[in-house]
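Peer 1: What would the 3D arrangement of this be:
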Amino acid sequence: MREIAALLAKHGLTDEAIAAQALSSKLENFDRIERIIASADGRRTGVLREIETWRVT
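Peer 2: Numbers count the residues shown, from 1 in each chain. From the prediction side, this is the model:
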């Protein structure tokens, strides 16, 4: 582990910088997943609204 930290430091990097770079390279995937979840949530809300409408009538 010390060898890795030393190698990163030699190149002006930290483990946090590596983690941030890895995350930023996958942000597009996170955005896509977030849109899918939002869409599913919208459909769920619509279905629940329809169920409530049918219960009232």
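
Peer 1: When you work out contacts or count neighbours from here on, use the C-alpha atoms and nothing else.
Peer 2: Fine.

Peer 1: So in this protein, which helix runs the longest?
Peer 2: As assigned by DSSP state H, the longest helix anywhere in the chain is helix 27-56.

Peer 1: Does anything pack onto the helix or strand containing I18? Which helices or strands?
Peer 2: In this structure, I18 is located in helix 15-25 according to DSSP states H and E. Contact analysis of helix 15-25 by 3 or more C-alpha pairs under 8 Å, 6 or more residues apart in numbering; DSSP states H and E lists no helix or strand as a packing neighbour.

Peer 1: What is the burial count for L23?
Peer 2: 13 (other C-alpha atoms under 10 Å).

Peer 1: returning to what we had before: what mean pLDDT would you report for the longest helix of the chain?
Peer 2: The average pLDDT for helix 27-56 rounds to 96.

Peer 1: How far away from the center of its chain is it?
Peer 2: 17 Å (C-alpha atoms, centre = their mean, to the nearest Å).

Peer 1: Same question for stretch 7-20.
Peer 2: 23 Å.

Peer 1: For it, measure first residue to last.
Peer 2: 18 Å (C-alpha to C-alpha, to the nearest Å).

Peer 1: what sits up against that stretch?
Peer 2: A5 (C-alpha atoms under 8 Å, 6 or more residues apart in numbering).

Peer 1: switch the cut-off to 7 Å
Peer 2: Contacting residues not belonging to stretch 7-20 are not present [C-alpha atoms under 7 Å, 6 or more residues apart in numbering].

Peer 1: Can you list the buried residues in that stretch?
Peer 2: T14 (16 or more other C-alpha atoms under 10 Å).
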